[in-house]
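Asks: Starting from these lines, generate the structure:
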Amino acid sequence: MRLLVTVVLVFLIGCVSCIREEVGEHIQYIQPGDALPEFMVEMNDGTILDRDSLRGKVSVLVFFHTSCSDCQRELPVVQQLYEVYAGNPRVRIACISREEPEKEILAYWKSNALTLPYSAQSDRKVYSLFSEEGVPLVYVSDTACNVRYLFTDNPIASFEDLYQAVSSLSGD
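Replies: Next up is the predicted model:
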C-alpha cells in the first residue's frame, strides 16, 4: 500500500511539473488589431502561402490538430465556409497543423471528406508565431493582413460567426 501511495504521489508531482504557465500568466495570442506575422508554409497542393500572398485578400487561417476534439468539431464548420468562398479570389482559407505530420492529416481529411487546403507542420515553428498554446485558433484578417477576428476553443466558432466575419471584410 505504501508503495502504491508513493507511486501515485510521484506521478502527480510529475504531472504538475509539466504545466508551463504560472498562475495568473496569460496565453499569448496574436490579437485583433495586430498584423499577421511573417510566415511561410507549403500547402498540400504545393503552393506557398505567406503573408505577402494574403495581401489584398480576406484570409481565414485555422490552426488545428486532428486529435483535438474541438478541432474535430470546428473543421467541418470551416469546410462549410470554404465551400461558400472556394471560388472567390478575394478570400483565402487555409488550415495549418500544429505539430502533426502529413500522413495523419491526409488520413483524417479522407475519412471526414474534407477538401480544405492545409499545410502539414511537423513542429510548432509557424504556430508559435501566432500563439503559445491552444487549438483550434481561427484568425480572420483583412486585405491589409491585419487580424480583425480571433476565434478560440471557448467557444468554438459557428458557421454564422465565421461567415459574418468574412462577409463583413469582403463585402460579400
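Asks: mind checking the SS state of the residue most central in space within the chain?
Replies: Per CA atoms, centre = their mean, the C-alpha nearest to the average position across the chain is that of Phe63, at 1.3 Å. What DSSP: H, G, I helix; E, B strand; the rest coil gives for Phe63 is strand.
Asks: My understanding was that it contacts Phe130; is that so?
Replies: Yes. Counting by CB atoms under 8 Å, Phe63 does reach Phe130; the two are 6.5 Å apart. For the C-beta atoms, the positions are set from N, CA and C on the backbone; glycine is no exception.
Asks: Is Asp162 in a helix, a strand, or coil?
Replies: Slight slip there: residue 162 is Leu, not Asp. Assigned state for Leu162: helix (three-state reduction, three-state DSSP).
Asks: Could you report the separation of it from Val140?
Replies: Plainly put, Leu162 is 7 Å away from Val140 if you go by CB to CB, to the nearest Å.
Asks: joint contacts of those two?
Replies: Residues touching both Leu162 and Val140 by CB atoms under 8 Å, 6 or more residues apart in numbering: Val60, Phe151.
Asks: Roughly how far does Cys145 sit from Phe64?
Replies: Counting by CB to CB, the gap from Cys145 to Phe64 is 21 Å.
Asks: Help me confirm that Leu114 is found in a strand?
Replies: No. Under three-state DSSP, Leu114 sits outside any strand and is assigned coil.
Asks: Now do the strands in the protein.
Replies: Taking DSSP state E, the strands of the chain run over residues 40-42, 48-50, 58-64, 91-97, 118-119, 137-141, 147-151.
Asks: Look at the residue nearest to the centre of the chain and report its pLDDT.
Replies: pLDDT for Phe63: 98.
Asks: With Glu21 instead?
Replies: Residue-level pLDDT assigned to Glu21 equals 37.
Asks: any idea how far Ser128 is from the closest residue to Glu38 other than its chain neighbours?
Replies: Closest residue in space to Glu38, ignoring its immediate chain neighbours: Arg51 at 5.6 Å, by CB to CB, 6 or more residues apart in numbering. Here Arg51 is placed at a distance of 16 Å from Ser128 (CB to CB).
Asks: Compare Cys145 and Phe64 and say which is more crowded by neighbours.
Replies: Legend: neighbour count by other CB atoms under 10 Å for Cys145 and Phe64, higher for Phe64 (26 against 19).
Asks: residues in contact with that one?
Replies: Contact analysis of Phe64 by CB under 8 Å, 6+ apart lists Cys71, Glu74, Leu75, Cys95, Ile96, Ser97, Arg98, Val135, Pro136.
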